[in-house]
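Asker: Fold the following.
(4 chains)
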There are 2 protein chains.
Amino acid sequence: MNNKIDAKYFEMSRISKALAHPTRMFIIDKLNEKEYCVHELTEMIGADTSTVSKHLSVLKNSGIISDEKRGNCVYYNLECTCVLNIFSCVMNVIQTNLQSAMALVDMSSAK
Amino acid sequence: MNNKIDAKYFEMSRISKALAHPTRMFIIDKLNEKEYCVHELTEMIGADTSTVSKHLSVLKNSGIISDEKRGNCVYYNLECTCVLNIFSCVMNVIQTNLQSAMALVDMSSAK
DNA sequence: TGCCTATTTGGCAATATTGCCAAATAGTGT
DNA sequence: ACACTATTTGGCAATATTGCCAAATAGGCA
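Answerer: Okay, the predicted model is just below:
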C-alpha cells in the first residue's frame, strides 16, 4: 500500500470511526428529524453534558454535523445527509445477520 | 433512551466500528473486486498474518464478509455488498469536507 | 504417520477511546 | 459589573483496540 492509498483508507476509517458509537448514532438519528441544541440532546441521552459535547465535536470534526450558535444555545444540524445511507446500510447488514441466524435455528430444529 | 432503542444504536455502532480501521477498509475494497485468501491479503497489506486474520474475523463477526475453506486456503468474500454504499457515502463526506476547506482558502486569499 | 503450508488463537505491551468531574469560556439579561 | 445558563475544555482513571510474537490448530500430501 503506498502512501496515497494509505491516506484514502485512513480518511475513510476516520469518518467511519466517527459513527462508531451508540450515542453518536442516536444523535445522528435525532438530528435527521430536526436541529437540537446540546442540552436537549443531553436530556434525551442521559449522560453528562460534557460527554455529549465531546461526542458532538467528534461528529463535527468529521464534517457530519455542523453547529450554529443562536441566543443562549448551540444548535447542531446534520450536514451530510448521506450518512443516512449508512444508516440504512447498517440496518441492512443487521437484517442479513438476523436472517442467517434464523436460518441456523431452522436447520437445528429440523434436525 | 429505553433498552430497545439502546440495543438498536448499539448494534448499528457495532457494524460501523467493524469498518472503522484503514486496513479493514482496504480489505473491503479489495474483496469487492474478487475473493482473496488470507495470505494474498497479508501480502498486499504488509502486516503480520495474525494481524490480518484478526481484522478479517472482526469483519466476519459483523456479517460483512464470509469465509470459505477450499484446499489449503481460506477465501474471504464480501457478504453484504451494501457496505459499498457506505464507501461512496464516506467518500461523499470527505469530498464535502474538502469543498468546505477549499472555500475557506478562497475566502482568506480574497481578503 | 510426519512434514509442510495456511490460518487462528493467546498473551502482552502500546495506544486510543470513553465518561465523569471540575474548571474555563461565552453569551444573556439585570 | 454581576449572576445565570449553556457549552467546551483539561485531566484522569477505566476500558477497548491494535499489532506483534509465539504457540496451537487444520488440512493436504508424501
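Asker: and chain A, which of its residues are near DNA strand D?
Answerer: Chain A comes close to DNA strand D at residues A:37-39, A:42, A:49-50, A:53-54, A:56-57, A:67, A:72-75, as judged by Cβ under 7 Å from any atom of the strand. For every residue, glycine as well, the C-beta is placed using N, CA and C.
Asker: Mind checking which of those residues land in strands?
Answerer: A:37, A:67, A:73-75 (DSSP state E).
Asker: In the longest helix anywhere in chain A, which residues are buried?
Answerer: Scanning chain A for the helix with the most residues, using DSSP state H, yields helix A:83-109. Within helix A:83-109, the residues scored as buried using 16 or more other Cβ atoms under 10 Å in any protein chain shown are A:83, A:85-87, A:89-90, A:92-94, A:97.
Asker: again with stretch A:24-37
Answerer: Quick answer for stretch A:24-37 (16+ other Cβ under 10 Å): A:24-31, A:35-37.
Asker: What helices and strands are in contact with the helix or strand bottoming out on mean pLDDT in chain A?
Answerer: Confidence across the helices and strands of chain A bottoms out at helix A:83-109, with a mean of 77, counting by mean pLDDT, DSSP states H and E. On a contact count with 3 or more Cβ pairs under 8 Å, 6 or more residues apart in numbering or on different chains; DSSP states H and E, helix A:83-109 meets helix A:22-33, helix B:3-19, helix B:83-109.
Asker: who wins for proximity to A:Ser13 among those?
Answerer: The closest of the helices and strands packed on helix A:83-109 to A:Ser13 is helix B:3-19. By Cβ to Cβ, the value is 7.1 Å.
Asker: Can you pull the residues of chain A lying near DNA strand C?
Answerer: A:17, A:20-21, A:23, A:47-48, A:50-51, A:54-55, A:58, A:69, A:71-72.
Asker: Select only the buried ones of the residues you listed in PyMOL?
Answerer: The PyMOL selection below is limited to those of these classed as buried (16+ other Cβ under 10 Å):
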select buried, chain A and resi 17+20+21+23+55+58
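Asker: Against DNA strand C, how distant is A:Val93?
Answerer: 19 Å (Cβ to the nearest atom of the strand, to the nearest Å).
Asker: Just give the nearest non-adjacent residue to A:Ile65, would you?
Answerer: A:Leu59 (4.6 Å; Cβ to Cβ, 6 or more residues apart in numbering or on different chains).
Asker: Now do the end-to-end distance for stretch A:15-26.
Answerer: 16 Å (Cα to Cα, to the nearest Å).
Asker: same check, this time on stretch A:52-68
Answerer: 16 Å.
Asker: ok, now stretch A:37-53?
Answerer: Stretch A:37-53: ends 10 Å apart by Cα to Cα.
Asker: Stretch A:79-87 now?
Answerer: 15 Å.
Asker: Please apply the same query to stretch A:42-57.
Answerer: Stretch A:42-57 has an end-to-end distance of 14 Å (Cα to Cα).
Asker: what's in contact with that stretch?
Answerer: Contacts to stretch A:42-57, defined as Cβ atoms under 8 Å, 6 or more residues apart in numbering or on different chains, come from residues A:21, A:23-24, A:26-27, A:30, A:38-39, A:41, A:65, A:67, A:76, B:1.
Asker: these two touch, right, A:Asn61 and A:Ile15?
Answerer: No - applying Cβ atoms under 8 Å, one finds A:Asn61 not in contact with A:Ile15, separated by 10.3 Å.
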